[in-house]
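Engineer: whatever this is, show me its structure:
(chains A, B, C and D)
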Protein chains: 2
Amino acid sequence: MAENREVTIYDIAKHLNISAATVSRGLKNSPSVNKNTRKKIAEAAVELGYQSNTFASSLRSKSTHTLGVLVPRLNSYFMSSVLAGMENAANRHGYNLIIAQSLEDAEKEKLNAATMFNKRVDGLLISLSYDTQNINHLEPFFKRKIPVVFFDRVHPHNASTSIVINNYGAAYNITKHLIDQGCRRIMHLGGNVLRNVYKERFDGYRQALKDHDLSFNEKMHFISTLSEKAGAEAAKHILNLTAAKRPDAVFSANDTAAVYCMIALKTAGLRIPEDVAFAGFNNDPISKVIEPNLTTVDYSGDTMGNTAVTNLINHLKGISNLYSTNSITLRADMIIRASSLKKG
Amino acid sequence: MAENREVTIYDIAKHLNISAATVSRGLKNSPSVNKNTRKKIAEAAVELGYQSNTFASSLRSKSTHTLGVLVPRLNSYFMSSVLAGMENAANRHGYNLIIAQSLEDAEKEKLNAATMFNKRVDGLLISLSYDTQNINHLEPFFKRKIPVVFFDRVHPHNASTSIVINNYGAAYNITKHLIDQGCRRIMHLGGNVLRNVYKERFDGYRQALKDHDLSFNEKMHFISTLSEKAGAEAAKHILNLTAAKRPDAVFSANDTAAVYCMIALKTAGLRIPEDVAFAGFNNDPISKVIEPNLTTVDYSGDTMGNTAVTNLINHLKGISNLYSTNSITLRADMIIRASSLKKG
DNA sequence: TTGTACGCGTTATCAG
DNA sequence: CTGATAACGCGTACAA
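Structural biologist: Residues are numbered from 1 along each chain as shown, chains lettered A, B, ... in the order given. Have a look, this model is predicted:
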């Protein structure tokens, strides 16, 4: 009794005594189909409960209207903003997103990339995992000229677009801001310098020190995964230093580490910003909740997601000028809050 | 020069002088293929750079190994945890996720559901938008017996599984906790009671009041979208009340509203918890950063995402007992922190 | 264990 | 403007 076959364009065709080809065209509102016929087709489609079969279409047309998104982790405020921005832009243009996370594991990234390729995504958006060294796993995309857009954690590749912020400049400015506040011993909580973002933030920080005749030594560069725990460990490290060696400011490559470092120092009785001033990165919600509020860099995930997808889709539609720059740098302005404002 | 055709099983077949059927079987490691042949096929696949075409396969096998995920918003801590949990479980079982957000708009939810259906997802995971009234838009799924799993913001539907926490119980307990602390005038910051989660939290709160002979009046129920702004507005509302009418505690249906309400009250000079005690919901990162730390309900998005996907996949694999309960309630324990601990 | 032959639902091509 | 037909790449009865 319960008929379980798909309703296809043939059913519509039979119903209207026309050919499937015309139905196919009509459903896409092709102007080469009689207006009246188009209307009839649309009505019959509703009446019969027709639902187009996307992958039968994909098989024929060789385009899926699906974009692959491959990120290190899904559960961070920044990344969820990126995804929200991407979904928005994609939806607006009739594209869908298929999303996977590498969990910072190069091997998983490789597998996910293969899956995305097998699903024949029309384009790939990727932010590299913590320990990805090369991008050989993206070769299939390059070979078949499937556009790849890197964002945030990028990799130089001359045929792909990269969407980044000026990490170097932001780090330079925020470090300079700390210096302007009178800080002289500024510690940096950084990430793996293998990744562009952390290297550039570190470089910007170091250059700012240099330009202001402040010495730098490796002990002031605390490398970690920038997690809550890492922030607390950085605090422990700081508290173990003699007063003379203790930093009078900390610039962290993300807000999480900064905030949990602040909390631990506060618990230990240090005053912020008087004893140690703080600056972070990302403008995560916690930066507005911690007391004193954290000075940080307003890194908009939403804008980055939007830009990445829009760029990719323009490329797919052949709108973008291929000879235009293939690296887009988004603004990311410093937000000055109390945690970095030394008194007197 | 640059050959741009797909490498297909036919290419492998020709290369090895065998039939495409054997290649097809061999690639899936079918035991009905000679081991040696299988090895040769695998090698040739690599050599020729073969990449299986998922949707050609899907067209034939009528299964996509793709799950649709439809959520109100992507950019919240809770939801990104859910997605992370889902992606993990899905990946583990060889499934992919295609994700869309309704932006709390029933109309968009409808469109997205249609897209998911057209992409022939093997199953759908959905948390309803703020203003979704009915689930007619899911009929195509029900008709074709494509399993739908509701989570968090659910809808009663006898053929679908719902994954929820005990919102009523958690709200009851946390309200009771406030009462035990000596609070007598407890205000509730709630969401739209059309949605089960907000209705149940409201009901639990009210029942706790009743069981302790505390009166309730509608003025103590502040309904909003529970955003940052809404939290601040609730604070304004509270500050406008005369001292006699002012609540001595606030139970908010999420942490965001609670925290921004706290901040505004603190700025106005009120002491927390002495003047107004606080409790929230979700265990969002900001609840651990605000001072005093916010008492809240530990609602694990990760667990919910994992459970939802695992349940769905078990169903798809026919493992689950269809006669078992179709509603799964996850634990969500209260976390007591300083914001609710009245002194003396 | 392997091969033959067909069909999944759609779209492109060409002819009318 | 419409129709007939082939083809996209793969999986699977059925036969050998």
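Engineer: how about low-confidence regions in chain A?
Structural biologist: Scanning chain A with the threshold set as pLDDT under 70 gives A:1-4, A:319-325, A:344.
Engineer: residue A:165 bridge partners, please.
Structural biologist: In this entry, residue A:165 is beta-bridged to residue A:330, by DSSP bridges.
Engineer: how far away is it from DNA strand C?
Structural biologist: 39 Å (Cβ to the nearest atom of the strand, to the nearest Å). (C-beta placed from N, C-alpha, C; glycine too.)
Engineer: next one: residue A:59
Structural biologist: For residue A:59, the distance to DNA strand C equals 4 Å [Cβ to the nearest atom of the strand].
Engineer: next up, the contacts around that residue.
Structural biologist: Applying Cβ atoms under 8 Å, 6 or more residues apart in numbering or on different chains, we find residue A:59 in contact with B:53, B:55-56, B:59.
Engineer: excluding chain neighbours, what is closest to it?
Structural biologist: residue B:56 (5.3 Å; Cβ to Cβ, 6 or more residues apart in numbering or on different chains).
Engineer: pretty sure the one you found is in a strand, no?
Structural biologist: No. Under DSSP: H, G, I helix; E, B strand; the rest coil, residue B:56 sits outside any strand and is assigned helix.
Engineer: among the contacts of residue A:59, which pair sits farthest apart?
Structural biologist: Within the contacts of residue A:59, B:53 and B:59 form the most distant pair, 9.4 Å apart (Cβ to Cβ).
Engineer: only the buried subset of the contacts of residue A:59, as a PyMOL command please.
Structural biologist: The following PyMOL line selects those of the contacts of residue A:59 that are buried, judged by 16 or more other Cβ atoms under 10 Å in any protein chain shown:
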select buried, chain B and resi 53+55+56+59
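Engineer: the contacts of residue A:59: which ones sit near DNA strand D?
Structural biologist: Near DNA strand D, judged by Cβ under 7 Å from any atom of the strand, the entries from those are B:53, B:56, B:59.
Engineer: residue boundaries of the helices in the stretch 151-300 of chain A?
Structural biologist: A:167-180, A:196-211, A:228-239, A:255-267, A:286-289 (DSSP state H, counting those that start in this stretch).
Engineer: so which of those is nearest chain B?
Structural biologist: Distance to chain B, taken as Cβ to the nearest Cβ, is lowest for helix A:286-289 among the helices of the stretch 151-300 of chain A, at 4.7 Å.
Engineer: touching that closest one from outside, list them.
Structural biologist: Residues outside helix A:286-289 that contact it (Cβ under 8 Å, 6+ apart): A:255-256, A:258-259, A:280, A:293-294, A:296, A:337, B:259, B:263, B:285-286, B:289-290.
Engineer: so what's the gap between it and the chain middle?
Structural biologist: A distance of 21 Å separates the centroid of the chain from that of helix A:286-289, by Cα atoms, centre = their mean, to the nearest Å.
Engineer: could you do stretch A:335-344 as well?
Structural biologist: 29 Å.
Engineer: skipping adjacent residues, who's closest to residue A:235 in space?
Structural biologist: Excluding its sequence neighbours, the residue lying closest to residue A:235 (Cβ to Cβ, 6+ apart) is residue A:264, at 3.3 Å.
Engineer: which ones are touching residue A:20?
Structural biologist: A:9-10, A:12-13.
Engineer: farthest pair within the residues you listed?
Structural biologist: Maximum pairwise distance in these, criterion Cβ to Cβ, is 7.2 Å, between A:10 and A:12.
Engineer: thinking again about what came up before, give me the distance between the residue nearest to residue A:59 and residue B:25.
Structural biologist: 16 Å (Cβ to Cβ, to the nearest Å).
Engineer: cool, and residue A:261?
Structural biologist: Counting by Cβ to Cβ, the gap from residue A:261 to residue B:25 is 58 Å.
Engineer: before we move on, what about residue A:218?
Structural biologist: According to Cβ to Cβ, residue A:218 and residue B:25 sit 58 Å apart.
Engineer: which one's more surrounded, these two?
Structural biologist: Per other Cβ atoms under 10 Å in any protein chain shown, whichever of residue A:218 and residue B:25 has more neighbours is residue B:25, with 18 against 7.
Engineer: doesn't the more buried one lie inside a strand?
Structural biologist: No. Residue B:25 is assigned helix when assessed by three-state DSSP, not a strand.
Engineer: neighbours around the closest residue to it other than its chain neighbours, how many?
Structural biologist: Leaving aside its sequence neighbours, residue B:25 sits nearest to residue B:33 (Cβ to Cβ, 6+ apart; 5.0 Å). For residue B:33, the tally of surrounding residues (other Cβ under 10 Å) stands at 19.
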